[in-house]
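> Sequence and predicted structure below; questions after.
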Amino acid sequence: MLAGCRNLFSPAFRRLCTRRNLTSQAAVYTTNISTSTYCAPSTPGHSFLKIQHALLPINSSLHFSSTHPLGHIHSPGLMELKEVLQVMEQLAPLSLAESWDNVGLLVEPSKSRPIKTILLTNDLTDSVMEEAEAMSCDLIISYHPPLFRPIKRLVQKDWKQRLAIRAVEAGIAIFSPHTSWDSVKGGVNDWLVGGLGSGQVSVLSQALGGSSHSHKLEFMVKNTEELNAVMEELKACDSGTTIQHSVDRPDSSGIHVSVTCSDSALTPSVQTLLRHNAPSLSLNILKFEKPPLPGHGQGRLSVLDQPVTLATAIQKMKSHLGLSHLRLALGRGKTLESSVCTVAVCAGSGASVLNGVKADLHITGEMSHHEVLDASANGTSVILSDHSNSERGFLTVFREKLAVRLPDSVTVVVSKADRDPLEVV
């Protein structure tokens, strides 16, 4: 996970509307951050290549769930797997997952069949697979990806590979959302921080929007013939991504052209333009910075509307998580009667996100011994629930979100066999 940071926003936000009546906000910046110059070789016909690193509008649309329910799907027919996956994408786009994560459809049966039963689980274990087989489950949504590292073979001696084989043999699909659920607004971390009541909530590690085009090249050509020749060469440089360009009306100095391209196409595109006299003399390069996505990201910080004592916070979290025991480390100088006004949370193993975050209380599933010592020494109390106990309760919440978007022919069930491997004895 990423290191924690405060959720700061520029006032220059512009609302971007996505399809299907889903909305998001993306920051639109127009101020240059820095300017540098690149000196081209001192040969005839070459001048300075100006490179500007700027934050510019990015034309991208991101799909994520709105705060209003999408309502029931009234189609009386059965749903195919791809249709269920489309609903999952609306609820929590996979683009919100961390780059290191392995999310999405992990196991896809060779024979397509209607989805009638969906099983939700935090972890896919042998007991959960037996439960899925007993109910003739069609799709398992496992919060943690049962397949994470690359696999070179499928054999019975590895328990995760064994589960994948059983799923394939039973025709059961497996999908994992993991950190996309952590990041999305209204997801796992918002649910977790809500255990202490309402407050002013901000994101600790801000999620950023993405775009296949990361650079904008601005240059001039003398005439239409040169424009056509240059564009043909540029298209060959970016075979993986469609190059987008716009042309202004010609003036006395020539035709003004703007082209957007991907990271991989930047170098060959620049080399192409430097081979042409007019473009090489007028070339400007601007780099698009990814805009923040308000409300989405890892971890949450809440300034509570009604501060509570640490003792009350413990009881509230036990009730919220459905646990009889929690582990507590008192912050330096704190007691059970100390007031908790601010709380920072990160589901699972949250030390990398919570590290350095100023708050009266940190709540996560697990931390190392020394990470707890660091927080305590800084005056922050720590509550640990064990890893999956900080996540599992969200399954019930998500079941309701998913069920209202599926036809009555689909049954969504929360696993009864799923549990944290650790228990207090």
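That came in fine, so what should we check first?

> Could you tell me what pLDDT the model assigned to Cys5?
pLDDT, Cys5: 36.

> scratch that, Asn59
At Asn59, the predicted lDDT confidence score is 35.

> Can you list the low-confidence ranges for the stretch 51-200 of the chain?
51-77 (pLDDT under 70).

> so where do the strands sit in it?
Using DSSP state E, counting those that start in this stretch, the strands found in the stretch 51-200 of the chain span residues 104-107, 117-121, 139-142, 173-176, 199-208.

> Most tightly packed of the ones you listed?
Mean neighbour count, computed with mean count of other Cβ atoms under 10 Å, is highest for strand 139-142 among the strands of the stretch 51-200 of the chain, reaching a mean of 25. In short, each C-beta sits where N, CA and C put it, glycine included.

> Please produce CSV containing the strands of the stretch 51-200 of the chain, extended by distance to Asp158.
Putting the strands of the stretch 51-200 of the chain into CSV (distance: least, Cβ to Cβ, whole Å) gives the following:
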stretch, distance to Asp158
strand 104-107, 15
strand 117-121, 19
strand 139-142, 17
strand 173-176, 16
strand 199-208, 32
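
> for the chain, what spans make up the helices?
Taking DSSP state H as the criterion, the chain carries its helices at 81-91, 126-134, 159-170, 179-183, 188-193, 224-237, 263-274, 277-282, 310-321, 351-354, 369-377, 394-403.

> quick one: the last one to helix 81-91, angle?
In other words, helix 394-403. Helix 394-403 and helix 81-91 are oriented at 110 degrees to each other (axes from the mean of the first three to the mean of the last three Cα atoms, to 10 degrees).

> since we're on the closest residue in space to Leu217 that isn't next to it in sequence, how many residues are nearby?
Ranked by Cβ to Cβ, 6 or more residues apart in numbering and with sequence neighbours excluded, the top spatial neighbour of Leu217 is Val259, at 4.6 Å. Around Val259 sit 24 other residues, with neighbours defined as other Cβ atoms under 10 Å.

> Can you mark which positions in the top strand by length along the chain are buried?
Ranked by residue count, the top strand of the chain under DSSP state E comes out as strand 292-309. Neighbour-count burial for strand 292-309, counted by 16 or more other Cβ atoms under 10 Å, picks out 292-302, 304, 307-308.

> ok, back up a step: spit out the contact partners of the residue nearest to Leu217.
By Cβ atoms under 8 Å, 6 or more residues apart in numbering, the contact list for Val259 reads 216-219, 234, 243-245, 269.

> What residues are bridge-paired with it?
Beta-bridge partners of Val259, counted by DSSP bridges, are Leu217, His245.

> Am I right that Asn189 is in contact with Val343?
No: Asn189 lies out of contact with Val343 (Cβ atoms under 8 Å); the separation is 11.6 Å.

> Now do Glu387 against Gly350, distance only.
Careful, residue 387 is His; it's not Glu. 10 Å (Cβ to Cβ, to the nearest Å).

> These two - which one has more neighbours?
Ranked by neighbour count (other Cβ under 10 Å), His387 and Gly350 place Gly350 first, with 30 against 21.

> Excluding sequence neighbours, find me the nearest residue to the more buried one.
Counting by Cβ to Cβ, 6+ apart, the residue nearest Gly350 is Thr364, at 3.5 Å.

> what's the neighbour count on that neighbour?
Thr364 has 25 neighbours, counted by other Cβ under 10 Å.

> quick one on the thing from earlier: next, format the contacts of Val259 as a markdown table and append distance to Lys157, neighbour count and pLDDT.
Shown next, in a markdown table, are the contacts of Val259 (distance: Cβ to Cβ, whole Å; neighbours: other Cβ atoms under 10 Å; pLDDT from 0 to 100):
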| residue | distance to Lys157 | neighbour count | pLDDT |
| --- | --- | --- | --- |
| Lys216 | 52 | 21 | 90 |
| Leu217 | 53 | 23 | 92 |
| Glu218 | 58 | 17 | 92 |
| Phe219 | 59 | 22 | 93 |
| Leu234 | 52 | 21 | 88 |
| Ile243 | 49 | 19 | 65 |
| Gln244 | 50 | 14 | 71 |
| His245 | 55 | 16 | 75 |
| Ser269 | 49 | 25 | 91 |
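
> Identify, from those residues, the entry nearest to Asp408.
Gln244 (43.6 Å; Cβ to Cβ).

> returning to that earlier point: name the residues contacting each of His387 and Gly350.
Gly365.

> what number of residues lie near the residue nearest to Thr342 when sequence neighbours are not counted?
With sequence-adjacent residues excluded and distances taken as Cβ to Cβ, 6+ apart, Thr342 is closest to Ala359, at 4.3 Å. Residues within reach of Ala359, counting by other Cβ under 10 Å, total 23.

> surely Ala359 meets Val353?
No: if you go by Cβ under 8 Å, Ala359 and Val353 don't touch, sitting 11.9 Å apart.

> Could you measure from Ala265 over to Ser214?
9 Å.

> just Ala236 next, same as before
From Ala236 to Ser214 the distance is 19 Å (Cβ to Cβ).

> now the end-to-end length of stretch 205-219.
One end of stretch 205-219 sits 37 Å from the other (Cα to Cα, to the nearest Å).

> Please disregard the earlier target; I meant stretch 275-286.
Stretch 275-286 has an end-to-end distance of 20 Å (criterion: Cα to Cα).

> before we move on, back to that, what is the rounded mean pLDDT of the longest strand of the chain?
For strand 292-309, the mean per-residue pLDDT is 97.

> Within its sheet, name the partner strands of it and how each one runs.
Each strand paired with strand 292-309, and its direction, by DSSP bridges: strand 199-208 (antiparallel), strand 339-349 (antiparallel).

> Pipe those strands into CSV and attach distance to Leu120 per row.
Putting these into CSV (distance: least, Cβ to Cβ, whole Å) gives the following:
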stretch, distance to Leu120
strand 199-208, 23
strand 339-349, 16
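
> Spatially nearest residue to Leu304 (excluding sequence neighbours)?
Once flanking residues are discounted, Leu304 sits nearest to Gly199: 4.3 Å by Cβ to Cβ, 6+ apart.

> Distance of the one you found relative to Asp138?
In this view, Gly199 and Asp138 are 40 Å apart by Cβ to Cβ.
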